[in-house]
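K.L.:
here are the coordinates; sequence isn't available:
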C-alpha cells in the first residue's frame with residue numbers, strides 16, 4: 001500500500017472540499033444570475049478529486065486488503081455530508097413566519113424587508129444581476145421598528161423605522177420611513193411600502 005498516494009488523494013479531496021465550503025459560506029447571503037455557473041465551477045474540482053480517489057482507493061484496496069485505503073473516499077463522504085448540513089442550516093434561518101413585508105421597486109433595483117415572528121429580519125438589496133441579503137434582530141415599540149446594531153451593513157442611514165400613512169397614486173398605503181432618534185424622517189423620498197402586516201408586537 002503506497003502511503004504517498006493515499007496522502008496525495010487525501011490532500012486533494014480536503015483542499016477542494018474546503019474551498020467549496022468556503023465558497024458556499026461566503027456567498028450564503030448573495031444571489032446572482034451566475035450562481036449555477038459559479039457553484040458548478042467551484043464544485044467540479046471536488047467532484048473530480050472524489051471520483052479519482054474512489055477509483056484509486058478501490059484499486060489500492062484490491063491489492064492490500066487494508067481498509068485504510070479508503071481514507072480519502074471517507075474524507076470525501078464527510079465533506080459531502082457537511083455540504084448538506086450547511087445547506088439545511090442556512091435554509092433554516094428563514095423558517096420563522098414573516099409578519100411584516102415592506103419594500104420598494106425601482107425597476108432595475110430595489111430593496112425589501114422581511115420581519116419575522118422570532119424577532120429577526122432579512123433585508124434584501126437587489127440590482128439587475130443579483131441580490132445581497134443582510135440579517136439582524138429587531139424590536140417593535142408602538143409604531144417604531146428598531147433594528148439591531150448591525151443595521152449599518154444594510155446601507156441604511158438609521159436603525160429606526162416608523163409606520164406612516166402615505167397617499168400613493170390616489171391610494172392610502174402604509175409605509176416605513178427611516179427616522180432619527182427624535183423621530184424626524186431622515187429621507188422623505190425613500191420609503192418602503194408595507195405589503196404584509198399581520199401584527200405589531
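P.N.:
Nice, I can see it. Quick caveat, the model's predicted, so the values are computed rather than measured. Residues are numbered from 1 along each chain as shown.

K.L.:
which residues sit against the longest strand along the chain?
P.N.:
Determined from DSSP state E, the single longest strand within the chain is strand 130-141. Strand 130-141 has contacts (Cβ atoms under 8 Å, 6 or more residues apart in numbering) with 29-33, 93, 115, 119-126, 145-148, 150-151, 153-154, 200-201. Heads up, the C-betas are built off the backbone N, CA and C, glycines and all.

K.L.:
past it, which element shows up next along the chain?
P.N.:
Next along the chain after strand 130-141, taking DSSP states H and E as the criterion, comes strand 144-147.

K.L.:
note down every partner strand of the next helix or strand after that next one and its orientation.
P.N.:
Of the helices and strands lying after strand 144-147 in sequence (DSSP H and E), the nearest is strand 160-168. Sheet pairing for strand 160-168, assigned by DSSP bridges, gives strand 144-147 (antiparallel), strand 171-179 (antiparallel).

K.L.:
need the winner for burial among those.
P.N.:
Mean neighbour count (mean count of other Cβ atoms under 10 Å) peaks for strand 144-147 among the strands paired with strand 160-168, with a mean of 18.

K.L.:
now it: mean pLDDT?
P.N.:
Averaging pLDDT along strand 144-147 yields 94.

K.L.:
before we move on, the earlier item: out of the contacts of strand 130-141, which are buried?
P.N.:
The neighbour count (16 or more other Cβ atoms under 10 Å) marks 115, 120-126, 145, 147, 151, 154 as buried among the contacts of strand 130-141.
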